[in-house]
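Colleague: got a sequence here, can you build the structure:
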Amino acid sequence: MTDRTPEGHDATVETIRIEFPPALMTRDVAAYYLGRSTRELDRLREKGHITARKFRPDSPDGSAPYYAKEDLDEFVASLPENHRERA
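Modeller: Modelled structure (predicted):
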């Protein structure tokens, strides 16, 4: 779908919808699954919080990663809970 930015330029909007999460996810889908940006996902990977399970042979240089759902779920489970009391 193409929309207009406030400046009047064409802006492409991409919608991702996950009916059920696949076992292996591309970078974009993994970021969406975690509710983070792809840049944040890259930083988590650089810091070793998330690992790429396999690299996609169909990517131009063979270095585009797949992320395993179980690894992403482990990362989410390792996050501290917010114990702030509600008023």
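Colleague: what ranges of this protein fall below the confidence cut-off?
Modeller: 1-18, 56-57, 62, 82-87 (pLDDT under 70).
Colleague: tell me where the longest strand sits in it.
Modeller: Secondary structure of the chain per DSSP state E: the longest strand is strand 64-68.
Colleague: what comes up buried for that one?
Modeller: By 16 or more other CB atoms under 10 Å, the buried positions in strand 64-68 come out as Pro65, Tyr66, Tyr67, Ala68. In this view, the C-beta of every residue, glycine as well, is placed from N, C-alpha and C.
Colleague: save these as a markdown table, and put in distance to Asp28 too.
Modeller: Shown next, in a markdown table, are the buried residues of strand 64-68 (distance: CB to CB, whole Å):
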| residue | distance to Asp28 |
| --- | --- |
| Pro65 | 11 |
| Tyr66 | 12 |
| Tyr67 | 10 |
| Ala68 | 15 |
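Colleague: what's the next secondary structure element after the longest strand of the chain?
Modeller: Using DSSP states H and E, the helix or strand that follows strand 64-68 in sequence is helix 69-78.
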